[in-house]
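S.K.: pasting the structure only:
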């Protein structure tokens with residue numbers, strides 16, 4: 001017949017065995033966390049065209065294209081502006097053009113008179 005002390009000692013031995021198992025699991029988890037992450041395949045980069053000093057190319061920004069067309073042609077409506085930029089070889093949606101010209105207006109780079117956009121006069 002087991003005494004209370006024997007049962008307590010048996011329970012302590014069980015708990016110590018469980019603690020040892022948990023310590024092993026903890027070491028394994030730490031080893032996994034310290035291991036380097038698996039290498040992923042790098043994302044494909046978009047190919048860029050080499051830069052050239054060809055001045056016949058369209059300007060880099062939509063704002064620069066707008067300023068160039070307005071400087072060359074004077075006051076234009078938004079539709080005429082879009083056509084001139086497209087003729088210059090730059091594909092720009094009307095939404096992008098409208099947003100850009102509104103930003104330029106807030107900055108004072110362009111102004112609108114009777115539905116036509118123009119560059120402000122130089123002082």
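M.R.: Arrived safely, thanks for sending. Computed from a predicted structure; not experimentally measured.

S.K.: and after the longest helix seen in the chain, which helix or strand comes next?
M.R.: Longest helix in the chain, counting residues (DSSP state H): helix 4-34. For helix 4-34, the following helix or strand on the C-terminal side (DSSP states H and E) is helix 62-73.

S.K.: I'd like the next helix or strand past that next one.
M.R.: Past helix 62-73, the next helix or strand by DSSP H and E is helix 78-87.

S.K.: List of residues touching that following helix?
M.R.: 58, 62, 65-66, 69-70, 73, 76, 92, 94, 97-98, 101, 117 (C-beta atoms under 8 Å, 6 or more residues apart in numbering). Backbone N, C-alpha and C define where each C-beta goes, glycine included.

S.K.: Show me what the longest helix of the chain is packed up against.
M.R.: Here helix 4-34 touches no other helix or strand, going by 3 or more C-beta pairs under 8 Å, 6 or more residues apart in numbering; DSSP states H and E.

S.K.: chain center to that helix, what's the gap?
M.R.: Offset of helix 4-34 from its chain centre (C-alpha atoms, centre = their mean, to the nearest Å): 49 Å.
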